[in-house]
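Undergrad: Below are the sequence and a predicted model for it; my questions follow.
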Amino acid sequence: MPVASGHFGVPPATREDSLPTLLSETGLYTDIQSKQLNSVVLGYTPEFQFWSDGAEKSRWVYVPECDTVDSSDMNDWRLPVGARLWKEFSLDGVRIETRLIERLGTGARDFAYASYLWNEDESEAERVGPAGLADAKGTGWEIPSLSGCFQCHGEYAFGGGRPSRALGFSALQLAHKDTPLTLDQLVESGRLSHPPEGEISFPGSSLEREAIGYLHANCGNCHNASEDGLPQTDLNLWIELGLTSVEELPVWQTAVDQPTVLFKDQHISGRIVSGDPAGSALLYRMSQRGNAAQMPPLASKIVDEEGIALIQAWIESL
């Protein structure tokens, strides 16, 4: 899977043009019609999932064979040039789209993003234009615009994302057993520059870990303290490794019993109000769709009822 020439120093306006027009040309498959995956592509499943309106998802990563992932910061891995990540979305067993992120050069923003729309017989998928697609295959599924990719992964003008760009491919997300590719396997195969020195985990009861993990995956990609996090508030819902108590976690420090800064609707004054789900702005905004209160503000048209129930139970326990 050689990286095409001319990627280094590619201007932002032309980065996506360097990506293949067809999914079959991206290196994910050796035979797309039979769905035969390339042997150098590794499947993985994050422990904490991003809600995507009930879509089924599959994920794969390619790390060039002679390279390693820079894991010197276990909170934010850095992919080598040429690394690629794919995420496939299906509804009721029908493939809708596959998204691709590729690192093109050594610069912090040398990444390209593309979404590929599957044809009706699922024999091929073609790259969608930068405007995205509002109603993919007549399902109501929305393929994001290029600016939407930036907004979640880390090039949005007003913040959002993480420097790694790979939100679900991380030490924390792979430190479990229910994934084809585990953190332990990456360590054993020498694919990490710095193996973890201890257990990759974070403190809390079972309920606390589920709730905080959910917020990490669904909110922390924008609400974090990295150089790409939203600058408007100090809200930080990204899990930082190496802390010894749940009260030290950023979510606790910046959200639990903390006043809201920008959001004052519905007579809500606290981000997370201990024991009071109805008074908590975070839960209220998770329950909204189609208005300015909706969180996340894009990539979802349907409320995650299980996620709501989980966060409500956690707030009630505080």
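TA: Ah, there it is. Numbers count the residues shown, from 1 in each chain.
Undergrad: Identify the residues contacting the most centrally placed residue in the chain.
TA: The residue lying closest to the centre of the chain (Cα atoms, centre = their mean) is Leu167, at 3.6 Å. Contacts here follow Cβ atoms under 8 Å, 6 or more residues apart in numbering; on that basis Leu167 touches 50, 152-153, 161, 217, 221. Yep, even glycine has a C-beta here, placed from its N, CA and C like the rest.
Undergrad: swap in Pro277?
TA: Counting by Cβ under 8 Å, 6+ apart, Pro277 makes contact with 283, 311-312, 315-316.
Undergrad: likewise Leu133?
TA: Contact analysis of Leu133 by Cβ under 8 Å, 6+ apart lists 115, 117, 142-143.
Undergrad: between the contacts of Leu167, which is closest to Asp121?
TA: Lowest distance from Asp121 to those (Cβ to Cβ) belongs to Phe50, with 28.6 Å.
Undergrad: distance of the closest one from Gly220?
TA: Distance of Phe50 to Gly220, given as Cβ to Cβ, to the nearest Å: 10 Å.
Undergrad: So those two - more neighbours on which side?
TA: Between Phe50 and Gly220, Gly220 has the larger neighbour count (other Cβ atoms under 10 Å), namely 26 against 20.
Undergrad: circling back: neighbour-wise, which one of the contacts of Leu167 leads?
TA: Result: Asn221 is most packed of those (other Cβ under 10 Å), 25 neighbours.
Undergrad: which residues touch that one?
TA: Contacts of Asn221 by Cβ under 8 Å, 6+ apart are 50, 152-153, 160-162, 167, 238.
Undergrad: Turn those into TSV, columns for pLDDT.
TA: Formatted as TSV, the contacts of Asn221 follow (pLDDT from 0 to 100):
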residue	pLDDT
Phe50	97
Cys152	93
His153	94
Gly160	91
Gly161	93
Arg162	94
Leu167	94
Trp238	98
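Undergrad: Take these and write them to CSV, including distance to Pro203 and secondary structure.
TA: Formatted as CSV, these follow (distance: Cβ to Cβ, whole Å; DSSP: H, G, I helix; E, B strand; the rest coil):
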residue, distance to Pro203, secondary structure
Phe50, 23, coil
Cys152, 27, helix
His153, 28, helix
Gly160, 27, coil
Gly161, 26, coil
Arg162, 22, coil
Leu167, 22, coil
Trp238, 15, coil
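Undergrad: between those, which is nearest Arg271?
TA: Closest approach to Arg271 among the contacts of Asn221 (Cβ to Cβ): Trp238, at 14.9 Å.
Undergrad: gap between the closest one and Ala255?
TA: Going from Trp238 to Ala255 by Cβ to Cβ gives 12 Å.
Undergrad: what about the helices in the chain?
TA: For the chain, the helices defined by DSSP state H cover 146-153, 171-174, 183-188, 206-218, 250-254, 281-286, 305-317.
Undergrad: Ok, which of the ones you listed comes nearest Tyr62?
TA: Ranking the helices of the chain by proximity to Tyr62 (Cβ to Cβ) places helix 183-188 first, at 13.3 Å.
Undergrad: which of the residues in that closest one are buried?
TA: Taking 16 or more other Cβ atoms under 10 Å as the neighbour-count basis, helix 183-188 is seen to contain the buried residues 183, 186.
Undergrad: before we move on, back to that, let's have the contacts of Leu167 in JSON lines, adding distance to Ala293.
TA: Formatted as JSON lines, these follow (distance: Cβ to Cβ, whole Å):
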{"residue": "Phe50", "distance to Ala293": "20"}
{"residue": "Cys152", "distance to Ala293": "19"}
{"residue": "His153", "distance to Ala293": "23"}
{"residue": "Gly161", "distance to Ala293": "22"}
{"residue": "Ala217", "distance to Ala293": "21"}
{"residue": "Asn221", "distance to Ala293": "19"}
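Undergrad: Go through the residues you listed and name the one nearest Ser72.
TA: Distances from Ser72 to the contacts of Leu167, taken by Cβ to Cβ, are shortest for Gly161, at 19.8 Å.
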